[in-house]
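A.B. asks: give me the fold of what follows.
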Amino acid sequence: MQNLLARRDFLAGALLLVFGIGYGVLTFALPNRSLPNTPGPAFFPTIVSGGLILFSLALISKSLRTESSGDVAGAVFERSRTLALLGFLAFIFVLPYAGFIAASIPFFAGMMWLYGERRIVVVALSAVVVPLLLYYVFRFGFQILLPVGIW
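C.D. replies: Numbering: from 1, shown residues only. Sure thing, here's the model as predicted:
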């Protein structure tokens, strides 16, 4: 089971690496803005392709270092993956109504709990601080409005 997962991780990492490099090459020559102190059109695609390349390399590295383990780990992984997908779909559904901050706090707390963080104080503080930090970085740093919700 673990060997199959390692092969899938390697294949997914290799495909995402090729996609990230291709995306970076295609968006590299976007024109610059003439407005001072504003990110140009190539700013976000560069961040996205750089992140994709970095995480693809991490996935490939993980697949090469994987040690075999029992089927219990595979069953736990399958359950947490399904719950994470359901949580993300719920977050996407609630986001337009509740807004970014109100929807993100339970989403972050749920994901942290799902992936093993059991210290309540860490979960609560992180679930509040991370969405607020992201909101203010996007709102005032990048001047991108995130959903405020209709509730």
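A.B. asks: what is the least confident helix or strand in this structure?
C.D. replies: Ranked by mean pLDDT, DSSP states H and E, the weakest helix or strand in the chain is helix 71-98, scoring a mean of 78.
A.B. asks: that helix packs against which elements?
C.D. replies: For helix 71-98, the elements it packs on are helix 2-27, helix 100-114, judged by 3 or more Cβ pairs under 8 Å, 6 or more residues apart in numbering; DSSP states H and E. In short, each C-beta sits where N, CA and C put it, glycine included.
A.B. asks: so which of those helices is the most packed in?
C.D. replies: Among the helices and strands packed on helix 71-98, helix 100-114 has the highest mean neighbour count (mean count of other Cβ atoms under 10 Å), at a mean of 18.
A.B. asks: element containing the residue of the chain positioned farthest from its centre?
C.D. replies: Going by Cα atoms, centre = their mean, the residue of the chain most distant from its centre is residue 34, 31.1 Å out. Using DSSP states H and E, residue 34 falls within no helix or strand.
A.B. asks: quick check: it vs residue 42, distance?
C.D. replies: Distance, residue 34 to residue 42, by Cβ to Cβ, to the nearest Å: 14 Å.
A.B. asks: tabulate the helices and strands packed on helix 71-98 (a markdown table), appending mean pLDDT and distance to residue 59.
C.D. replies: Output for the helices and strands packed on helix 71-98, formatted as a markdown table (pLDDT from 0 to 100; distance: least, Cβ to Cβ, whole Å):
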| stretch | mean pLDDT | distance to residue 59 |
| --- | --- | --- |
| helix 2-27 | 85 | 4 |
| helix 100-114 | 90 | 19 |
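A.B. asks: any chance of JSON lines for the ones you listed, columns distance to residue 143?
C.D. replies: Below are the helices and strands packed on helix 71-98 laid out as JSON lines (distance: least, Cβ to Cβ, whole Å):
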{"stretch": "helix 2-27", "distance to residue 143": "20"}
{"stretch": "helix 100-114", "distance to residue 143": "15"}
